[in-house]
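Chemist: Next input, structure requested:
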Amino acid sequence: MFTSVSSSEYLAKTFSKAFARRRARRPAKAWLATLPLIAVTALTFNGPAPAEMSSGTPIETIVRQEGRWSIDNARTLASLIEESAQEGLEPSDYRLAELKSALEAGEPGAALDMLASSSALMLAHDYADGRIEDKQAFDWHMTQPADPNLLQRGLDDALAQGKLRTWMQGLLPDNAQYRALKAAYAATGPADSARRELLRANLERWRWMPRNLGERYIYVNVPSYRLELINAGVEEASFNVVVGAPKTPTPQLALQAQSVVANPSWTLPPSVLKEGRWQGKGYSVTRRADGSLNVRQAPGPRNALGRIKIDMPNSHAIYLHDTPQKAAFERTDRALSHGCVRVQNIEELAALLHGGVELDDALADPAKTKVLQLQKSVPVYIAYFTAEAQPDGTIRYLGDPYQRDQALLERIGAQGGSPIRMAAR
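Modeler: Numbering: from 1, shown residues only. From the prediction side, this is the model:
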């Protein structure tokens, strides 16, 4: 997915910046009142993209645009809405026909202000945060939703300074992957509707991603079965991984790797406990205060986590780890785990993160667990993209192990009302 050092130009700026079927059209106030309270760090026309959550205010405060929409600004908005088709969105979802009718009348005023504000904020929301609000339905837990108050503030500033186009386009992802997928979408003719729909699904997912991934981070794309350590937009190292099976999928998360655990013990998760295959294998069993079982496998060469775990605290109990079952890395389909990510040659990744002889010393006694804190936490992104750009700009189409593309597309709806047909992989 990312470039090697020898071909860094292609992705030198990668990640540097910032599913309900389509709803029936709603009046502006009703739509705005139901906007989610989302995270957008400074959605002014020049600001960085989405971040922390803020509280809402009454809708009467949000819609306060009377007298702010000139005919020129409204025409720019109509043009921007038409151009949303290039992002894989449907212009009619943003009241384009109504806006054009208002422009034909040629009269600025309260009616135009309300209509234009409603359309602009709908489009801004979908650019900043994606069209689908209920991302958790797809096991996506990366970012908070965009705050309509910050969007309104950014829109106000953009209108006041005559920079509506700059502000609106600045809400979109600005990275090489999104640009490559968008270019492929433009180059794919209407006759290949299945391929176009697949590209639309992945453009939508990129609008769900954090806009600033950091200088150095770990990136796991579940359908690719690969982990990449990225540094300044360049692939520093990459590894095969095993991810969650379809019945126990790996969730999509933005985490922070904080420590390397040498010779970890393993506390069995509920999904493994239910299977019962741990019984009679010498695991230590205790009961918690609530009466539930706590089953632990001691560290050692047969431990399910292998010799190394990279810990990144989260409520989903997901981490990166070694495994004694090395043969699984040679399989093509590696959606096999209970949710955590098994990493081939994880000792190399651990050395890149921690380094020094301390790691070797910690691994020397396989029966003794030792936690090595990282000097600086490293962001970890576990994503789900079924199409991704290669270093030469071509698009690689991956499998869909959790069968999510079709469901996603049914939630955003087809462009132009045409039937949705998925591409063969």
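
Chemist: Now do the domain split for the protein, please.
Modeler: 1-18+174-263+306-425, 19-172, 265-298 (automatic domain parsing).

Chemist: Turn these into JSON lines, including mean pLDDT.
Modeler: JSON lines is the format used below for these (pLDDT from 0 to 100):
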{"stretch": "domain 1-18+174-263+306-425", "mean pLDDT": "89"}
{"stretch": "domain 19-172", "mean pLDDT": "77"}
{"stretch": "domain 265-298", "mean pLDDT": "81"}
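
Chemist: can you put these in JSON lines and add mean neighbour count?
Modeler: Backbone N, C-alpha and C define where each C-beta goes, glycine included. Listed next are the domains of the chain as JSON lines, based on neighbours: other C-beta atoms under 10 Å:
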{"stretch": "domain 1-18+174-263+306-425", "mean neighbour count": "18"}
{"stretch": "domain 19-172", "mean neighbour count": "18"}
{"stretch": "domain 265-298", "mean neighbour count": "12"}
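
Chemist: Now do the lengthiest strand in the chain: distance to the chain's middle.
Modeler: Secondary structure of the chain per DSSP state E: the longest strand is strand 370-383. Here strand 370-383 is found 19 Å from its chain centre; the criterion is C-alpha atoms, centre = their mean, to the nearest Å.

Chemist: Just list what the helix or strand encompassing residue 124 packs against, helices and strands only.
Modeler: Under the criterion of DSSP states H and E, residue 124 resides in helix 110-129. Counting contacts by 3 or more C-beta pairs under 8 Å, 6 or more residues apart in numbering; DSSP states H and E, helix 110-129 packs against helix 28-33, helix 71-83, helix 96-105, helix 148-160, helix 164-169, helix 193-208.

Chemist: Now distance to residue 311 too, for these, in CSV please.
Modeler: Output for the helices and strands packed on helix 110-129, formatted as CSV (distance: least, C-beta to C-beta, whole Å):
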stretch, distance to residue 311
helix 28-33, 41
helix 71-83, 44
helix 96-105, 49
helix 148-160, 33
helix 164-169, 39
helix 193-208, 25
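
Chemist: Alpha carbons only: can I get stretch 89-99 in CSV?
Modeler: Taking C-alpha atoms only, stretch 89-99 is exported to CSV below (Å, rounded to 0.1, in the frame of the first residue of the first chain):
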residue,chain,number,x,y,z
LEU,A,89,-21.4,11.1,-3.6
GLU,A,90,-24.9,11.9,-5.0
PRO,A,91,-25.5,15.6,-5.7
SER,A,92,-29.2,15.3,-5.4
ASP,A,93,-28.8,14.5,-1.7
TYR,A,94,-27.8,18.1,-1.1
ARG,A,95,-30.9,19.8,-2.5
LEU,A,96,-29.2,20.7,-5.8
ALA,A,97,-32.4,21.1,-7.8
GLU,A,98,-33.9,23.4,-5.2
LEU,A,99,-30.8,25.5,-5.0
